[in-house]
Each structure stands twice: as structure tokens, then as C-alpha cells.
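J.: got a predicted structure here, sequence first:
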Amino acid sequence: MTYTIIDHGTWVPYTREAVLSPEGFPLVPAGTMFCKRESDGVDWYDFSRAEGSFAAGSVLVACLKTDLGWITQGVFADFGRMFPQNQMLIEVQGWEGEKPHNVFGMKVFDPDTGIFTDVPQTPIPVVTFKRDLWVRATDDEADVIEVVLAQQTTRKQRIFSEATYLDHADQFFAELRSGFVLAFGEDRADELLAPSS
């Protein structure tokens, strides 16, 4: 499917003076939050209601700046529901599919290429709680573990003693596993150091 991306800029909050009716009643109270385009100060309501601001059938996508890049937030075909405060607003023209939020929602948007990609998933850490290690070990195995640990440098002994769990991605885990394999064989080492549930 071919579509065109239009960048409508980044929108920021601002407030206005109170707007009073001819009788002196507040129509818009002071401190009401409005939204304007950062580059030229155009008010969001004026822009969004002006004829020709958006192409018929377009989808609006608000993107929030994060450490991962621009992450899409609100995806709307109904322009009246959009309020892109503190976000970049893009328009997807020519979209013909159904449920655009399924395609454009919670994606990383690259404004240079116009490409949407999935948000990278943070891997779930694989850990073994030290308590599980001791529960799994027999009394004899626990004695061997203590001897193996006593042969380590003071620094490594302290790292092991202060930790509440063993992170399988940590460089020390690989060293610890090697020591367990030497002491107990590969199968038993993997049973002792198996991830905690």
C-alpha cells in the first residue's frame, strides 16, 4: 500500500488571556491550555478547523519524542479527537486500510525516511535467585560451592555474596557456570543454575 507522510510540525502548550463575553462572563477562563505549532506559533484549533489543513480520508498520528526516537501515540481518522500537545504531528495521506491504529499505533517513526518500525522489546532478564541455588543443592554440593567460592578473588566473593540473584547475561555468570561444570558436570551445573521462575 502506498501512502504519503506529511509532517505538520511539533506542537507545544501555551495559555492565553481570559476571553470574556460582551456581558463580562468568561467564555475561556485564564490559564486554559492551548496548543500551538512550535515553528510558527499557529494555534492548533485554528489550524485543525481550517479548510484544507488535512486531506480527506487522512489519518493523523501524534508522535512523542523518547530515547528510542519518535514513538507514535494517538492515531485518529477523526481530526476533532486529536490534540498533539508536546508531540510531533504527522498526516498519513492515502491510507486505505482498516483500523489504522493497528498499523501505526505504538511504532517508532523515523521522520527522515517516513518509515514505521516496531518498538524494540526490552529482553526479560534471565536470573537465578541465590536462594534457589542453595535449595537445589545437596548439603555436599553446598560444601563444594563454598570451597569453589573461597578460591575466588575477594572482589568476586563480595560480588557473589552481595547479590540476591545471578544474572545469566552477566560476565561473572559465565565464569561461575564454568566453575560449576568443573565441580558437578554440565547437566548438574545447569540444574543448579537453572533460571528461577
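T.: Good, I have the coordinates.
J.: so how far is the longest strand anywhere in the chain off the chain centroid?
T.: What stands out as the longest strand in the chain, according to DSSP state E, is strand 4-15. Chain-centre distance of strand 4-15: 21 Å, with CA atoms, centre = their mean, to the nearest Å.
J.: mind listing what that strand pairs with, with the direction of each?
T.: Looking at strand 4-15 with DSSP bridges, its partner strands are strand 33-37 (antiparallel), strand 87-93 (antiparallel).
J.: buried residues, the first one. List them.
T.: Spelled out, it's strand 33-37. Across strand 33-37, burial judged by 16 or more other CB atoms under 10 Å covers Phe34, Cys35, Lys36, Arg37. The C-beta positions use only the backbone N, C-alpha and C, and glycine is treated the same way.
J.: same question for stretch 154-165.
T.: In terms of neighbour count (16+ other CB under 10 Å), stretch 154-165 has its buried residues at Tyr165.
J.: in CSV, list the C-alpha atoms belonging to it.
T.: What follows is stretch 154-165, C-alpha atoms only, in CSV (Å, rounded to 0.1, in the frame of the first residue of the first chain):
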residue,chain,number,x,y,z
THR,A,154,38.0,-11.2,47.3
ARG,A,155,36.3,-8.9,44.8
LYS,A,156,34.4,-11.8,43.1
GLN,A,157,33.5,-13.3,46.5
ARG,A,158,32.0,-9.9,47.5
ILE,A,159,30.1,-9.6,44.3
PHE,A,160,28.6,-13.1,44.8
SER,A,161,27.8,-12.5,48.5
GLU,A,162,26.2,-9.1,48.0
ALA,A,163,24.0,-10.2,45.0
THR,A,164,20.5,-11.6,45.6
TYR,A,165,20.3,-13.2,42.2
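J.: run through who's touching that stretch.
T.: Contacts with stretch 154-165, where a contact means CB atoms under 8 Å, 6 or more residues apart in numbering, come from Val127, Thr128, Phe129, Lys130, Leu149, Ala150, Gln152, Phe172, Glu175, Leu176, Ser196.
J.: Leu176 - that's part of a helix, no?
T.: Yes: Leu176 forms part of a helix when assessed by DSSP: H, G, I helix; E, B strand; the rest coil.
J.: any idea how far stretch 13-20 is from the middle of the chain?
T.: 34 Å.
J.: quick one: residues in contact with it.
T.: Applying CB under 8 Å, 6+ apart, the contact partners of stretch 13-20 are 26-36, 85-86.
J.: which residues touch Phe34?
T.: Phe34 neighbours (CB under 8 Å, 6+ apart): Pro13, Tyr14, Thr15, Arg16, Asp43, Trp44, Tyr45.
J.: which SSE is the residue of the chain positioned farthest from its centre in?
T.: No residue in the chain sits farther from the centre than Glu23, which is 49.6 Å out by CA atoms, centre = their mean. Secondary structure from DSSP states H and E places Glu23 outside every helix and strand.
J.: so which residues of this protein form strands?
T.: Going by DSSP E, the chain shows strands at 4-15, 19-20, 26-28, 33-37, 59-66, 69-76, 87-93, 107-110, 115-118, 127-129, 165-167.
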